[in-house]
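K.L.:
what shape does this take:
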Amino acid sequence: MVSGGRLGVEAAWLFELQLWTVSRGATSFLVDLEPYEVCRGAGLIERIRLDPQTGVLEAWVTDGTASVVAQWSLDRSMGPESIAAGRAVVLEGAAAVGPDGGLVLRNPAFETAPFPGVA
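P.N.:
Sure, this is the predicted structure:
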């Protein structure tokens, strides 16, 4: 049993994150997402990437169980300033299998949401 220290703090934070995702209406944890099924998931944006050649904004989102990539075409009317690393986000859409075999949510509906301790 591990108590205290960095591992204890991280485990407590991940537990809070998972409770928070459920409170935001997540239908499943990211680790349980299935391809081609509509889902609602929530988590924190770990990092973002903008590809100016393709006009695609990508965000890596985690809920403490797994990570998923969300992609948006920039021609879509969205407030890109709301998609930033460290922000909490709720995503809704159908996951597809990406070129690397991982799951990708393409143009999911999204909303940013407050998560305690996160700007």
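
K.L.:
can I get whichever strand in the chain runs longest as CSV, trimmed to CA atoms?
P.N.:
For the chain, the strand with the greatest residue count under DSSP state E is strand 38-51. The C-alpha coordinates for strand 38-51 follow below in CSV (Å, rounded to 0.1, in the frame of the first residue of the first chain):
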residue,chain,number,x,y,z
VAL,A,38,-21.4,7.6,-30.0
CYS,A,39,-19.9,8.5,-26.6
ARG,A,40,-19.6,11.4,-24.2
GLY,A,41,-16.3,11.7,-22.4
ALA,A,42,-14.5,14.3,-20.4
GLY,A,43,-10.9,14.9,-19.3
LEU,A,44,-8.0,17.3,-19.4
ILE,A,45,-6.3,18.5,-22.5
GLU,A,46,-2.7,17.3,-22.2
ARG,A,47,-1.4,18.9,-25.4
ILE,A,48,-2.5,20.4,-28.7
ARG,A,49,-1.1,20.5,-32.2
LEU,A,50,-2.1,22.7,-35.1
ASP,A,51,-1.3,21.4,-38.6
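
K.L.:
other SSEs contacting it?
P.N.:
helix 5-23, strand 56-62, strand 67-73, strand 88-97 (3 or more C-beta pairs under 8 Å, 6 or more residues apart in numbering; DSSP states H and E). All C-beta atoms are positioned from the backbone trio N, CA, C, and that covers glycine.

K.L.:
I'd like the distance from the first one to the chain centre, please.
P.N.:
Going back to what we said before, that points to helix 5-23. Chain-centre distance of helix 5-23: 15 Å, with C-alpha atoms, centre = their mean, to the nearest Å.

K.L.:
tell me what that helix is packed against?
P.N.:
Using 3+ C-beta pairs under 8 Å, 6+ apart: helix 5-23 touches strand 38-51.
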